[in-house]
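Asker: Take a look and give me a structure for this.
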Amino acid sequence: MDPSAILHIDLAAIAENWRLLAARGAPGAVAGVVKANAYGLGADRVAPALQAAGCRHFFVAHLAEGIALRETLGPGPMIAVLNGFAPGADGDAALVPVLNSLGDVHSHAAAGRSVGQARRALLHLDTGMARLGLDAAEQARLAADHSLLAGLDLLYVMTHLACADEADHALNTEQAARFARACAALPKLRRSFANSSGLFLGSDYASDLARPGCALYGINPTPGAPNPMRQVLRLCHSSSLEYVFLVLSLFLV
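Answerer: Just a heads-up that it's a prediction; the model follows:
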C-alpha cells in the first residue's frame, strides 16, 4: 500500500449493505458479524452504524471483543461470542456464549442450574465445516438425552456453511439436510443458518437468524456474478496515512 494513501471507510454503505441483506433474510432476523475488529475496519464505528440501521444481533469471535462491543453498543443488542467463554467470564456484559462442545453444554447448564436461572446461549452443531460445533457423536448424545440442556436458555441452534460461496457445491445441500435432521432431534429451537453467501442460495437456507459477515463490507457473496453489495472502501492519496470515516453520510440514511 502507498504509505501516503488515505483509506475512506463508508459507514453509510455498510449500513445499506446490512439493509439489503436484511431484506433477503426476512422474515428472519439478520445479524452483523463484527469479529476481528469488524474485519479490520473498526468495530467501534461499524457496529453503531449497523445498530442505527436496525441491527439487533451481533457476533464476535472472542470474549474481549464482546466486552468491548457491549461498552460501545449499550445493553440492548444480543452479542454472541463464537468461540464461547467460561460461565461468568463476561462479568456484567450480558454476552451470549456459543456452545461448541458437550463440555460447553455441561459447564453452562450446570452454572444455570446452580443459581436456579437458565443461562442464555447458542448451540453450535458441526454439519460439515469441521471447525467449531458439536460433532456427530456429541449431537447423537444430546438428541438421546434432552435433560443435558436443563439450565440453558438456548436462543438459537446454529451451524456454519463451509462452501456457500460455491452455489453448486454438493456440501451445501448435504449441510442443509444434516442441519434439518439434527434440529428435528432436539427440542424445538429457533435456527441460525445462512452466512453471507448462504443468503443467496435460496429458501432451503432460510432461518430465524442469518449471520452475514464479509458481504457487509462489500465483498461479493456471489462469486462469478455481479456483486450486489455496495463498496465500502476507497483509497485516495494524501501526505499521511489515516483512516477517514464518512460519518456525515449516516445522517442522510
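
Asker: The stretch 1-150 of the chain: helices as residue ranges?
Answerer: 11-25, 35-39, 43-53, 63-73, 102-115, 136-144 (DSSP state H, counting those that start in this stretch).

Asker: mind checking which of the ones you listed is nearest Cys214?
Answerer: Nearest to Cys214 among these is helix 35-39 (7.0 Å), distances taken as Cβ to Cβ. For the C-beta atoms, the positions are set from N, CA and C on the backbone; glycine is no exception.

Asker: who's in contact with the nearest residue to Leu216 once chain neighbours are set aside?
Answerer: Nearest residue to Leu216, sequence neighbours excluded (Cβ to Cβ, 6 or more residues apart in numbering): Asn17, at 5.1 Å. If you count contacts by Cβ atoms under 8 Å, 6 or more residues apart in numbering, Asn17 has them with Ala215, Leu216, Tyr217, Gly218, Met229, Arg230, Val232.

Asker: what about the last one, how many neighbours?
Answerer: Using other Cβ atoms under 10 Å, the number of residues around Val232 comes to 23.

Asker: that older thread, now which of the contacts of Asn17 would you call buried?
Answerer: Ala215, Leu216, Tyr217, Gly218, Met229, Val232 (16 or more other Cβ atoms under 10 Å).

Asker: Quick check: phi and psi on the third one?
Answerer: Here is the backbone geometry of Tyr217 (degrees, to the nearest 10): phi -100, psi 20.

Asker: same check, this time on the one 3 residues further on
Answerer: The phi and psi values for Asn220, taken as degrees, to the nearest 10, are phi -70, psi 120.

Asker: related to what we said a few turns ago, of all the helices of the stretch 1-150 of the chain, which lies closest to Val96?
Answerer: That would be helix 63-73 among those, by Cβ to Cβ, at 8.5 Å.

Asker: Can you show me the CA trace of that closest one as PDB?
Answerer: The C-alpha trace of helix 63-73 is given here as PDB (Å, rounded to 0.1, in the frame of the first residue of the first chain):
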ATOM      1  CA  LEU A  63     -14.700 -12.700  24.800                       C
ATOM      2  CA  ALA A  64     -12.600  -9.500  24.800                       C
ATOM      3  CA  GLU A  65     -14.200  -8.300  21.600                       C
ATOM      4  CA  GLY A  66     -17.600  -8.900  23.100                       C
ATOM      5  CA  ILE A  67     -16.900  -7.000  26.300                       C
ATOM      6  CA  ALA A  68     -15.600  -4.000  24.200                       C
ATOM      7  CA  LEU A  69     -18.600  -4.200  21.900                       C
ATOM      8  CA  ARG A  70     -21.000  -4.100  24.900                       C
ATOM      9  CA  GLU A  71     -19.400  -0.900  26.100                       C
ATOM     10  CA  THR A  72     -19.900   0.500  22.600                       C
ATOM     11  CA  LEU A  73     -23.500  -0.600  21.900                       C
END
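
Asker: by contact count, what packs against that helix?
Answerer: helix 43-53, strand 57-60, strand 78-81 (3 or more Cβ pairs under 8 Å, 6 or more residues apart in numbering; DSSP states H and E).
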